[in-house]
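J.: Please find the sequence and the predicted model below.
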Amino acid sequence: MRNKNKQMSLLDIYKDVEKRLETDKPALFKLLDEHIKWNEIIPLSFYTAFYKQFGRHRKYELESFMRALFLQRIFHYVEDSQLLNTLRFSREMREYCELDKVPDASKLTRFKQDYFKYIREVFENLVELTEPICREMDKELADMLMFDTTGIESYVAENNPKFPHTKAGEFVELNGVAASNPAVKLQYINGHMCYAQRAAVITNGLGIIRHLELFDEDFKKSHTEMSIEKRTNNPEIDKEIGDSTSLKPILNDFRKIHPNFKHSTFSGDAAFDSYDNFHFLLKEYGFSKAVIPYKRKPATNISFNEFGTPLCPNDSTPFVFHSKSGGKNRSPRLKFVCPKTESVKIQSGGVTRRCFCDNPCSDSSYGRTVLISPNKNLRLYPGLSRESDEFAKIYNRRTAVERSINSLKDTLGVSNRKTSNVLTTKADLFLAGIVQLVCVLLSHKLHDFKLARSPRRLIA
């Protein structure tokens, strides 16, 4: 009888261990190794800047830093020490990061501060790479831009509840500026007062980030045309760079970076409601629709309600939006009809409207019709009727940017970091954006677009 017991050689044992190591490798690292090519994401300028001083003989490679910082954000390691300790005890993570030795915390901080400019270039390159993917996911939602601002709380004494100025609820000391860092200012964020650095976030209708900016001194210096609001003793209404003030410079910067991008619809909250902003969005920037709710009811001397809908002269009943007309050689017009008219068939087989009002305001059997030229008041008529289902639908999509901000701050660990340094904050913000966009690339490779909007699915 043949002996089934086979003696294993040292080579067989090595191959078996190697196979098991590869099989047991965490699924996330396998996916990233297979589908994400960092040399295609990191621009050449970053490699040049990183290696120009020491050449290729550097202890830690550029891609090693980027891989490690990517994992820090996706694993929600708020502190650098959490990342470094995990690297020390996880062979698989060190192998993915291609690290023979774990760097110390100061090297991570120096990398973020010295190479922030290039970290931002990685983010902007990913925005270009993911734009066609977003269009493939949902063309209509990818055609929208959603704009919002937020505050990133800083690690300063003033944010400690035991700090004397906060203990009694008095936030007006120090002129609303943190003593350790003048860039950290008192803000009203998410329903509470805190010392934070303010940032702007633009996403598309899918919630995929398209642009990031921190309102630091560099931003102010590069936009001297922007008026800075005078600080007051009421931080709740004092944002220094207000949302409305930041709109034009932020969108102009976005266009300079991505000149080939075209978006037809803009949506923002009531903070952006101003005549100047509507003119900028619809006439200068080229959006066809600007979905912004009123901050306050517009003052008009004509019979219109606050939504720009004409009212019946007899009983102030709102008219009904009927259609939009206009073409190449004719300015666009919105047609409103009496709410008491109905469509009826006529002898010729066609359809017309007939007014069935007991007290008609017009002698016409068709009923009273009001034609509005939207160009006469862009705030009242921002490319669509304010009472239309389309307006409500687009504005309701604005929660996409709020969810994206929440993901950046909470899921990807931008909040609660133990730093108040501006460059480090900016680097962490853009690294979180990089994580989201890498997930978009990965979702496209795997044909699973759910991953694009939920980075935590990768480690579930």
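T.: It's in.

J.: Only C-alpha atoms from now on, for both contacts and neighbour counts.
T.: Noted.

J.: and the longest strand along the chain, what other elements does it pack with?
T.: Of all segments of type strand in the chain, defined using DSSP state E, the longest is strand 192-203. Judged by 3 or more CA pairs under 8 Å, 6 or more residues apart in numbering; DSSP states H and E, strand 192-203 is in contact with strand 144-153, strand 185-189, strand 209-214, helix 399-406.

J.: ok, of those, where does mean pLDDT dip lowest?
T.: Note on those: lowest mean pLDDT is at strand 185-189, with a mean of 73.

J.: tilt between that strand and strand 192-203?
T.: Strand 185-189 runs at 80 degrees relative to strand 192-203, counting by axes from the mean of the first three to the mean of the last three CA atoms, to 10 degrees.

J.: what angle separates strand 185-189 from strand 144-153?
T.: 130 degrees.

J.: other SSEs contacting whichever helix in the chain runs longest?
T.: As assigned by DSSP state H, the longest helix anywhere in the chain is helix 422-446. Where contact means 3+ CA pairs under 8 Å, 6+ apart, helix 422-446 is packed against helix 27-35, helix 62-74, helix 105-114, helix 116-137, strand 209-214.

J.: what's the model's confidence in the longest strand of the chain, averaged?
T.: Rounded mean pLDDT across strand 192-203 is 86.

J.: Now tabulate the helices and strands packed on strand 192-203 in JSON lines and tack on mean neighbour count and distance to Pro360.
T.: Converted to JSON lines, these look like this (neighbours: other CA atoms under 10 Å; distance: least, CA to CA, whole Å):
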{"stretch": "strand 144-153", "mean neighbour count": "24", "distance to Pro360": "42"}
{"stretch": "strand 185-189", "mean neighbour count": "24", "distance to Pro360": "52"}
{"stretch": "strand 209-214", "mean neighbour count": "22", "distance to Pro360": "52"}
{"stretch": "helix 399-406", "mean neighbour count": "20", "distance to Pro360": "43"}
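
J.: would you turn those into JSON lines with distance to Phe261?
T.: Shown next, in JSON lines, are these (distance: least, CA to CA, whole Å):
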{"stretch": "strand 144-153", "distance to Phe261": "11"}
{"stretch": "strand 185-189", "distance to Phe261": "31"}
{"stretch": "strand 209-214", "distance to Phe261": "10"}
{"stretch": "helix 399-406", "distance to Phe261": "19"}
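
J.: The ones you listed: which one's closest to Ser246?
T.: Ser246 sits nearest to strand 144-153 of all those, at 9.3 Å, using CA to CA.

J.: For that closest one, which strands pair with it and how are they oriented?
T.: The strands that strand 144-153 pairs with in its sheet are strand 192-203 (antiparallel), strand 265-267 (parallel) (by DSSP bridges).

J.: gap between that strand and the chain center?
T.: Remark: strand 144-153 is offset 6 Å from the chain centroid, using CA atoms, centre = their mean, to the nearest Å.

J.: Can you check what angle separates it from strand 209-214?
T.: 40 degrees.

J.: what's the longest strand of the chain in contact with?
T.: The contact list for strand 192-203 (CA atoms under 8 Å, 6 or more residues apart in numbering) reads 145-154, 156, 158-159, 171, 176-178, 183-188, 209-216, 236, 250, 400-401, 404-405.

J.: burial count for Ser90?
T.: Counted with other CA atoms under 10 Å, the neighbours of Ser90 add up to 11.

J.: Throw the helices and strands packed on helix 422-446 into CSV and include distance to Leu44, thanks.
T.: Converted to CSV, those look like this (distance: least, CA to CA, whole Å):
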stretch, distance to Leu44
helix 27-35, 20
helix 62-74, 11
helix 105-114, 17
helix 116-137, 10
strand 209-214, 21
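
J.: Mean neighbour count, the ones you listed: which tops it?
T.: Burial of those is given as mean neighbour count (mean count of other CA atoms under 10 Å); strand 209-214 ranks first at a mean of 22.

J.: Who are the packing partners of that one?
T.: Counting by 3+ CA pairs under 8 Å, 6+ apart, the packing neighbours recorded for strand 209-214 are helix 116-137, strand 192-203, helix 422-446.

J.: Rounded mean pLDDT for the following helix or strand past it, please.
T.: Going down the chain from strand 209-214, the next helix or strand is helix 217-221, by DSSP states H and E. The average pLDDT for helix 217-221 rounds to 88.

J.: which parts of the next helix or strand after helix 217-221 are buried?
T.: Under the assignment DSSP H and E, the closest C-terminal helix or strand after helix 217-221 is helix 243-257. Buried residues in helix 243-257, defined by neighbour count with 16 or more other CA atoms under 10 Å: 243-251, 254.

J.: hey, C-alpha coordinates of helix 243-257 in CSV?
T.: Extracted in CSV, the C-alpha atoms of helix 243-257 (Å, rounded to 0.1, in the frame of the first residue of the first chain):
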residue,chain,number,x,y,z
ASP,A,243,-20.3,82.5,3.8
SER,A,244,-21.7,85.0,1.3
THR,A,245,-18.4,86.9,1.2
SER,A,246,-16.4,83.7,0.5
LEU,A,247,-18.6,82.5,-2.4
LYS,A,248,-17.1,84.4,-5.3
PRO,A,249,-13.4,83.8,-4.4
ILE,A,250,-13.9,80.1,-3.7
LEU,A,251,-15.8,79.4,-6.9
ASN,A,252,-13.3,81.4,-9.0
ASP,A,253,-10.4,79.5,-7.4
PHE,A,254,-12.2,76.2,-8.2
ARG,A,255,-12.6,77.3,-11.9
LYS,A,256,-8.9,78.2,-12.2
ILE,A,257,-7.8,74.8,-10.9
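
J.: Taking strand 144-153 as reference, get the angle to that helix.
T.: Using the same axes, to 10 degrees: helix 243-257 against strand 144-153 is 120 degrees.

J.: which residues touch helix 243-257?
T.: The contact list for helix 243-257, computed with CA under 8 Å, 6+ apart, reads 124, 148-149, 200, 211, 213, 223, 226-228, 261, 271-274, 277, 280.

J.: got a list of what Ile36 touches?
T.: 438, 441-442.

J.: Going by distance to Lys450, which of the residues you listed wins?
T.: Looking across those and measuring by CA to CA, the closest to Lys450 is Leu442, at 10.5 Å.

J.: residue contacts, that closest one?
T.: 32, 35-36, 451-452.

J.: Pretty sure Phe287 sits against Phe266.
T.: Yes - contact status for Phe287 versus Phe266: in contact at 6.7 Å, counting by CA atoms under 8 Å.
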